[in-house]
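1. Sharing a model prediction with you, sequence too.
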Number of protein chains: 2
Amino acid sequence: MRDVAVRAGVSTMTVSRALNEPGKVSEDMRERVLKAVREIGYLPNHLAGSLSSNRSTTIGLIVPSIDNSIYTQTVKGLSEVLKRSGFQLMIAESGYDPNEEEELITVFLSHRVGGLVLHSTEHTPQAIEKIRKSGIPVVENGNIPKEPLDMVVSYSNRDASYAMTMHLGRLGYRKIAFASLYSVHNDRSQDRLKGYLAALKQLGHEPDPRMVLETGRGLAAGAEVVARVMQSVPEVDALFCAGEVLAAGALFECQRRNWSVPGRIALASFDDVDLLRHVSPSITTLRLPRYDIGERTARILLSRIIDGADHLRGSVVDLKFEVIQREST
Amino acid sequence: MRDVAVRAGVSTMTVSRALNEPGKVSEDMRERVLKAVREIGYLPNHLAGSLSSNRSTTIGLIVPSIDNSIYTQTVKGLSEVLKRSGFQLMIAESGYDPNEEEELITVFLSHRVGGLVLHSTEHTPQAIEKIRKSGIPVVENGNIPKEPLDMVVSYSNRDASYAMTMHLGRLGYRKIAFASLYSVHNDRSQDRLKGYLAALKQLGHEPDPRMVLETGRGLAAGAEVVARVMQSVPEVDALFCAGEVLAAGALFECQRRNWSVPGRIALASFDDVDLLRHVSPSITTLRLPRYDIGERTARILLSRIIDGADHLRGSVVDLKFEVIQREST
DNA sequence: CCTGATTTTGATATCGGTAACAACAGAATT
DNA sequence: AATTCTGTTGTTACCGATATCAAAATCAGG
C-alpha cells in the first residue's frame, strides 16, 4: 500500500480511503489512486485491515458433518448472501461432539470472525461463556432451542414431527412407528421424538416403545429399520422415518420383501430431497426451509455486523415447513 | 497478550514463545505463563499473528457448487486433515464461472490464505497471473489438466470414462450412448466425452452424435436423458450416464416405462454414491477416490506450507478409480 | 573462581493497514 | 474582508502479535 501511495504521490491514508470510503475522497484523487493500484497490481491485506479496524468480514460456520447433504442447501444460502456483501465463510465440522465444537469455536474466535453460525444447539458451558465474552453475534439454526445463545433461524423439529404424525393419524393409520437418527447429543432427534409422542397423545394412540427406533444415517439404515419394526410389531401400518433418506432406504427394502407401500405399510419422511419425489411410490415428506435458513441467517447476521442492529439481539425466526402428501401414504 | 505478560511478570515476547515455541522457554516460565493465560481467559489473536509472522493457517477452497454431494466427501477429507494441523478452511463457490472464480481467488489472496484448493481446472489468465505472483501453493483437484497451475491431486476423468466405456464394450453392448453434464466451462465433462470417444474407437464402434447427450443435474435430468435417447435411437442397448445420479434418474424412468434394465437397456454411472447400490437393479458405476483426494490434497499442501517441501512443486498425483460391476449391466 | 559457551529473557522495530485528530484550502456567511 | 464552515488530505499512534538482535542468566570446563 505504501508503494501505491508513493506512486500516486499521496499518503497511505488517502489510498485507504479511496479504496474503502470512496465518498470521502475527491473524484480525481480516487482515479489517481485506482490507477496506481492497477499499475502496481496491489492487493489489500485483509488481515492488516481487520486487525487495525477491529472489524472482520469472516463468518465461522460449524456443522456436525460436512458430508451431510441436508446442510448443503443451508450452506449455499449462507454463502450466496455473504458473498454478495464481501464476506467469507470459514467452515468446520464438529462431528456431533460438543467438546469438538467448543474447540472450533475457540479457533474461530481466535481468528476474530465477525459472527458465528452453529448448527447444533447443544454447547458446553465453556463454549457459551467464550461466545458471551467475545460479544460477537451468533445464529443457531438446527433447531429452536429453549435457551438460545443469541439469535435463532430455524424451523421447529418438534412441530414438524408433530405435524407429520398428525397427518398420518388423520389419514387413518393406527399403528404409527417412528424412526430417527441417534439422539445422543442431537436435540433435533430428541425434539422430533417429542413431536411424535405429542401427536400420538393428541390422536389418542398409545405409545409403544417397540415402535420407536433409532438408527444411523443412510439408505442401509432405513432398510434395517423397516425390517426391524415389521419383525417386532407386525401390525404396524405406518413408519415415519424422521431423518434424511431413511424412508427411501425403507422403501427399497419393502420392494425387495414385497411389502406393498402404502398397502402393507405406509412410509413418511423428513426433508424434501430429490430422491423422495422420484421413487415410486413417491414418498410423503416434510419440506423444510433449508435454503431459506441459510439466507435469513446471513441477512440477520449482516444486519448485526454492518448496521449494528442491536435490536435483533436474541431474535428467533421460526421458518415454516410443509407436509407434502405423496403416494407412499 | 499484554495483560497476560503483565500478570505473569514477563515480556510479551516470552508469552508468545511460551505459547508457540514451548521448547524455547524454561519449564517453570511456561507454567507461569499458561497459568496467567488461564486466569485471564486469553485468546490469541490469530490475525495479528499471521500479519506479523507472514504465515497463515487458512486454506482457501473454491468449488463450483457447494450443494453438490460429489464434492462433500473431498471437502471432508480436506477438512479432517487440516483440522488436525490447526488449519482452517475458507470455502466459496464459483458457480462454474471462471470470472467468479478469479474474483474469489482475489479475495482469498487478500485474506492471505496459506494455500489454495481449486476444483475447477479452467482459470482466467488474470487468475493464473495473480496466483503465480502470490507464490502460494495451489492444488487443483477436479481433473488432471494439461498445464497444471502447480500441484494436482485427482483422478483422470478421461481415463475413468474410457474404462467404463470399454467395460460396457467388453460386456457385449454394441450401441453405447453417453450422457454427461453440460460441458461449457466444465473440462471434467469434456474429458469424460473424450474418454468415451476414445473407447468407442478402440472398440471399433462408430460414434453417433445422436447418442451423445448433455443435460443438467439431478434425477429428473437422468429420466429425461434416457427417454430422449430411446426415442431418437431405439436400437441403443446401453447408456453411460457420466454424472452424479443421472443413472438413478434414468433407472426410475425405465421402471416407469417398463423398459427392463439391463435387458432392454443397460445403465452405467459415474461416482459411487450410496443410492446406486441400493436401487434394484443396482447400478454399475465407477468408484472414485473422492475422500482420498481431499486427504492427499491437504497433506501435500501442508508439506509445502509447514515443511517448505519445495520439491513437491508441480507434482501430479493421479489417484486410482475402479469399475464396479453390478446388476444394471 | 573465572572465562567463554549456551540458554533464557527482553527491548525495539515492524507487519500493513485504520482511527482520530490536525492542517489546510476553498466556499459560504456575515 | 474577516470569520466560519465544509471537504479533502496528511500526521501520528496503535491494532496484537513476531523477528531480530541485545542483554542477562545459567552452565561447563579449566
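-> Right, received. Where do you want to start?
2. rest of the way, CA atoms for contacts and neighbours
-> Will do.
3. For chain A, give the residue positioned nearest to DNA strand D.
-> Residue nearest to DNA strand D within chain A: A:Ser52 (3.2 Å; CA to the nearest atom of the strand).
4. For that residue, give me its contacts.
-> The contact partners of A:Ser52, taken as CA atoms under 8 Å, 6 or more residues apart in numbering or on different chains, number zero.
5. what about it, which SS state?
-> Under DSSP: H, G, I helix; E, B strand; the rest coil, the three-state class of A:Ser52 is helix.
6. From the contact counts, what lies against the host helix or strand of A:Leu251?
-> Applying DSSP states H and E as the criterion places A:Leu251 in helix A:246-257. With contacts taken as 3 or more CA pairs under 8 Å, 6 or more residues apart in numbering or on different chains; DSSP states H and E, helix A:246-257 sits against helix A:219-232, strand A:266-269.
7. List of residues touching the first one?
-> Contacts of helix A:219-232 with the rest of the structure, by CA under 8 Å, 6+ apart, involve A:177, A:179, A:210-211, A:213, A:215, A:236, A:239, A:241, A:245-254, B:274-275, B:278.
8. Between helix A:246-257 and the helix or strand just after it, find me the angle.
-> Going down the chain from helix A:219-232, the next helix or strand is strand A:238-242, by DSSP H and E. Strand A:238-242 and helix A:246-257 are oriented at 140 degrees to each other (axes from the mean of the first three to the mean of the last three CA atoms, to 10 degrees).
9. packing partners for strand A:238-242?
-> helix A:157-170, strand A:176-181, strand A:266-269.
10. In the shortest one, which residues are buried?
-> For strand A:266-269, the neighbour count (16 or more other CA atoms under 10 Å in any protein chain shown) marks A:Ala266, A:Leu267, A:Ala268, A:Ser269 as buried.
11. Quick check: the third one vs A:Val233, distance?
-> I take that to be A:Ala268. For A:Ala268, the distance to A:Val233 equals 18 Å [CA to CA, to the nearest Å].
12. could you say which helix or strand contains A:Ile59?
-> Going by DSSP H and E, A:Ile59 is part of strand A:58-63.
13. Neighbouring strands of that strand in the sheet, and parallel or not?
-> Sheet partners assigned to strand A:58-63 using DSSP bridges are listed as strand A:88-93 (parallel), strand A:115-118 (parallel).
14. JSON lines please, covering the ones you listed and showing mean pLDDT.
-> As requested, the strands paired with strand A:58-63 are exported to JSON lines (pLDDT from 0 to 100):
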{"stretch": "strand A:88-93", "mean pLDDT": "96"}
{"stretch": "strand A:115-118", "mean pLDDT": "98"}
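15. could you dump these to CSV with mean neighbour count?
-> Shown next, in CSV, are the strands paired with strand A:58-63 (neighbours: other CA atoms under 10 Å in any protein chain shown):
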stretch, mean neighbour count
strand A:88-93, 24
strand A:115-118, 24
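16. can you redo those as CSV with distance to A:Gly195?
-> CSV is the format used below for those (distance: least, CA to CA, whole Å):
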stretch, distance to A:Gly195
strand A:88-93, 27
strand A:115-118, 23
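17. could I get those as TSV with distance to DNA strand D?
-> Putting the strands paired with strand A:58-63 into TSV (distance: least, CA to the nearest atom of the strand, whole Å) gives the following:
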stretch	distance to DNA strand D
strand A:88-93	20
strand A:115-118	17
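18. Of all the ones you listed, which one comes closest to B:Ala199?
-> In terms of CA to CA, the element of those nearest to B:Ala199 is strand A:88-93, at 40.7 Å.
19. Quick one: name whatever helix or strand follows the closest one.
-> Assigned by DSSP H and E, the successor of strand A:88-93 is helix A:98-110.
20. quick check, that next one touching DNA strand D?
-> No. Helix A:98-110 stays clear of DNA strand D (CA under 7 Å from any atom of the strand), getting no nearer than 7.9 Å.
21. how does chain A divide into domains?
-> A:2-44, A:54-155+A:291-319, A:157-287 (automatic domain parsing).
22. In JSON lines, list the ones you listed along with distance to DNA strand C.
-> Below are the domains of chain A laid out as JSON lines (distance: least, CA to the nearest atom of the strand, whole Å):
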{"stretch": "domain A:2-44", "distance to DNA strand C": "3"}
{"stretch": "domain A:54-155+A:291-319", "distance to DNA strand C": "7"}
{"stretch": "domain A:157-287", "distance to DNA strand C": "40"}
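23. need the helices and strands packed on helix A:246-257 in JSON lines with mean pLDDT, can you?
-> Converted to JSON lines, the helices and strands packed on helix A:246-257 look like this (pLDDT from 0 to 100):
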{"stretch": "helix A:219-232", "mean pLDDT": "97"}
{"stretch": "strand A:266-269", "mean pLDDT": "98"}
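24. B:Asp318: which of these is closest?
-> It's helix A:219-232; of the helices and strands packed on helix A:246-257, that one is closest to B:Asp318 (CA to CA) at 30.8 Å.
25. Please compute how far that closest one lies from its chain's middle.
-> Centre-to-centre, helix A:219-232 and its host chain are 27 Å apart (CA atoms, centre = their mean, to the nearest Å).
26. Stretch A:51-66 too?
-> Counting by CA atoms, centre = their mean, stretch A:51-66 comes out at 16 Å from the chain centroid.
27. Then stretch A:257-264?
-> Using CA atoms, centre = their mean, the offset of stretch A:257-264 from its chain centre is 34 Å.
28. and that stretch, which residues are buried?
-> For stretch A:257-264, by 16+ other CA under 10 Å, it's A:Trp259, A:Val261, A:Pro262.
29. Span of that stretch from start to end?
-> With CA to CA as the measure, stretch A:257-264 spans 11 Å from end to end.
30. Check which helices and strands the host helix or strand of A:Arg299 is in contact with.
-> Assessed by DSSP H and E, A:Arg299 sits inside helix A:290-306. For helix A:290-306, the elements it packs on are helix A:69-84, strand A:115-118, strand A:138-140, strand A:151-154, judged by 3+ CA pairs under 8 Å, 6+ apart.
31. Can you name the residues in contact with it?
-> Here helix A:290-306 makes contact (CA under 8 Å, 6+ apart) with A:70-71, A:73-82, A:114-115, A:117, A:137-139, A:141, A:152-154, A:309-310, A:312-313, A:319.
32. can we see that at 6 Å?
-> With CA atoms under 6 Å, 6 or more residues apart in numbering or on different chains as the test, helix A:290-306 has contacts from A:Gln73, A:Thr74, A:Val75, A:Gly77, A:Leu78, A:Val153, A:Ala309.
33. Thanks a lot, see you next time.
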